[in-house]
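1. Take this sequence and fold it.
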Amino acid sequence: MEYEKLLERAQEKLPKRIQSKERFELPKVTGHIEGNKTIITNFQQIVTALRRDAKHLLKYLLRELATPGIIVGQRLSLGRKISAKIINEKIKKYANEFVICKECSKPDTQIVKEGPVLMLKCTACGAKHPIKSKV
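-> Reported below is the predicted structural model:
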């Protein structure tokens, strides 16, 4: 009986857990349109949140959006008018393919090359999955 009372008292003194559904949140694209170009002003922030190389994300976006583009400083300049909604969808698709672990759904991953195959290796759970998409 004494043990159960001590256990209850200890549990009451523990800090309350804040249940967060996701600790990994992708920043939404912010930018504007200049003539026939789309300028993404927070591209570097997105790259930092994904923890991937800016050139890798750039290559993926250019292929998916079928447009030319270039990184200028902290910004990304795309060669045609594209809505933020479409760009956000493509970045989310990139995160699901190249960042999020298929087993534990955490973003703590690295891209590792094993022979001719690119693998997504999770540092949280240790799972490895081949990356099917080519960039």
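
2. which residues touch Leu7?
-> Listed by C-beta atoms under 8 Å, 6 or more residues apart in numbering, the contact set of Leu7 is empty. For every residue, glycine as well, the C-beta is placed using N, CA and C.

3. Chain neighbours aside, what residue packs nearest to the residue sitting nearest the centre point of the chain?
-> Taking C-alpha atoms, centre = their mean, the centroid of the chain lies closest to Leu50, which sits 3.6 Å from it. The shortest distance from Leu50 to any non-neighbouring residue, by C-beta to C-beta, 6 or more residues apart in numbering, is to Val99 (5.4 Å).

4. Mind giving me the packing neighbours of the longest helix that the chain contains?
-> Determined from DSSP state H, the single longest helix within the chain is helix 84-98. When contacts are defined as 3 or more C-beta pairs under 8 Å, 6 or more residues apart in numbering; DSSP states H and E, helix 84-98 packs onto helix 43-50, helix 54-65.

5. tell me how far the ends of stretch 118-126 are from each other?
-> End-to-end distance for stretch 118-126, by C-alpha to C-alpha, to the nearest Å: 16 Å.

6. before we move on, back to that, return the set of buried residues in the longest helix of the chain.
-> 87, 90-91, 94-95, 98 (16 or more other C-beta atoms under 10 Å).
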